[in-house]
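Student: Build me a structure from this.
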Amino acid sequence: MGSQVRLVIAVCGIYATFLTWSLAQEPLTTSVWPNSAARFSHSSFIVLCQALTAAVVGLCYLKAQRSGYGAREFIRKHWADVAGISLTQALSAPAANHSLQYVDYVGYMLAKSCKLLPIMLVHVLVYRTPIGRDKALVGVLVSGGVALFTLGGAERKQGEASLYGLGMLLVSLFLDGLTNASQDRLLRRPASKKITGAHLMVALNTAIVLWNLAYLVLFDRTQWQGSLQQLHADPAILTYLFTYCACGALGQCFVFFTLEHYSSLVLATVTVTRKMVSMLLSIVVYGHSVRPVQWLGILVVFGGIIWETVKKGQRGSGQKSKQH
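Tutor: Have a look, this model is predicted:
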């Protein structure tokens, strides 16, 4: 199978799984369920279910590769990296899900589309590397667009709640930046046995399961009990939860496949465009009202992201021409 055909299959897989995933996520976390008269806001429980499903699917993915490098051996050799990456990932997801209680879903998706912001923060604060003027300009555009959209909604909750939700989104984005940078470094690291995306998928999701179990058992047993009680009272939640977990797990297979076989730029482009479609789909399906100032925010953000993507493509073409 040719490289282009594989890429098309991967892109279609990412779109199909994560578009369905996003449609299940919104009612799962924001609807007020009739029997319990409450939202299903148990973020750590949701992440636990998602990670457990993804670990099982990832193990099947790894077995299908027949690489001869098992998940246990990989985890033993790289347990410190796995623990660190999974911790930032485990903290990011609950923060993102929790923010949905204070910001609307389209604003959430817009913020999660801004991959440049956490990357810039990680480089400046963690790795102490300078940021070029082009990237700084895009960062300003993205920040301004997010602020316009999030704070310019038609139906605003209390000011403190909206700012709190925005703060939780920023924390989640920064943790995403740490996660993505560390994943890429581990995947590209020279090793005696080849590390694949399937190895990362199994190991990271297994660790996330352990992190969330420890949190629920040691610090928040009421969330575990509340989750089970609400699922019993409103069994319809299970349909959305199962769809959310299954689509997320299958989508991770395509994501890690793309990251392993193609460049991070390709994956970022696919992810951003998928999230654009998710936002527009959410507006159409769930009838969100969007003010003109919010549309301006969307245009500013995606204009900056597209401009940065074009600039990267031009720089890549220039480097190739110099090599020839």
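Student: Now do stretch 85-101, average pLDDT.
Tutor: Averaged across stretch 85-101, pLDDT comes to 83.
Student: Start at 22, not 1
Tutor: All set: I'll call the first residue 22, so the last point we hit is now stretch 106-122.
Student: Quick one: residues in contact with that stretch.
Tutor: 50-51, 60, 62, 64-65, 67-68, 71-72, 129, 133, 186-187, 189-190, 192-193, 196-197, 199-200, 203-204, 207, 224-226, 228-229, 232-233 (C-beta atoms under 8 Å, 6 or more residues apart in numbering). Yep, even glycine has a C-beta here, placed from its N, CA and C like the rest.
Student: Now do the contacts for residue 166.
Tutor: Taking C-beta under 8 Å, 6+ apart, one finds 131, 317, 318, 319, 320, 321, 322, 323, 325 in contact with residue 166.
Student: from the contacts of stretch 106-122, which would you call buried?
Tutor: For these, a burial check counting by 16 or more other C-beta atoms under 10 Å picks out 50-51, 62, 64-65, 67-68, 71-72, 129, 133, 186-187, 189-190, 192-193, 196-197, 199-200, 203-204, 207, 224-226, 228-229, 232-233.
Student: And the strands in the stretch 222-345 of the chain?
Tutor: With strands called from DSSP state E, counting those that start in this stretch, the stretch 222-345 of the chain shows none.
Student: The stretch 22-171 of the chain too?
Tutor: 53-54, 59-60.
Student: I'd like to know which of the ones you listed is closest to residue 28.
Tutor: strand 59-60 (38.5 Å; C-beta to C-beta).
Student: about what we covered before: any chance of the contacts of residue 166 in TSV, with distance to residue 278 and pLDDT too?
Tutor: Formatted as TSV, the contacts of residue 166 follow (distance: C-beta to C-beta, whole Å; pLDDT from 0 to 100):
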residue	distance to residue 278	pLDDT
131	26	70
317	36	85
318	33	77
319	29	76
320	32	85
321	32	82
322	27	75
323	26	76
325	28	75
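Student: Give me the below-cutoff pLDDT ranges for the stretch 172-321 of the chain.
Tutor: 172-182, 284-286, 289-290, 293-294, 296-301, 307, 309 (pLDDT under 70).
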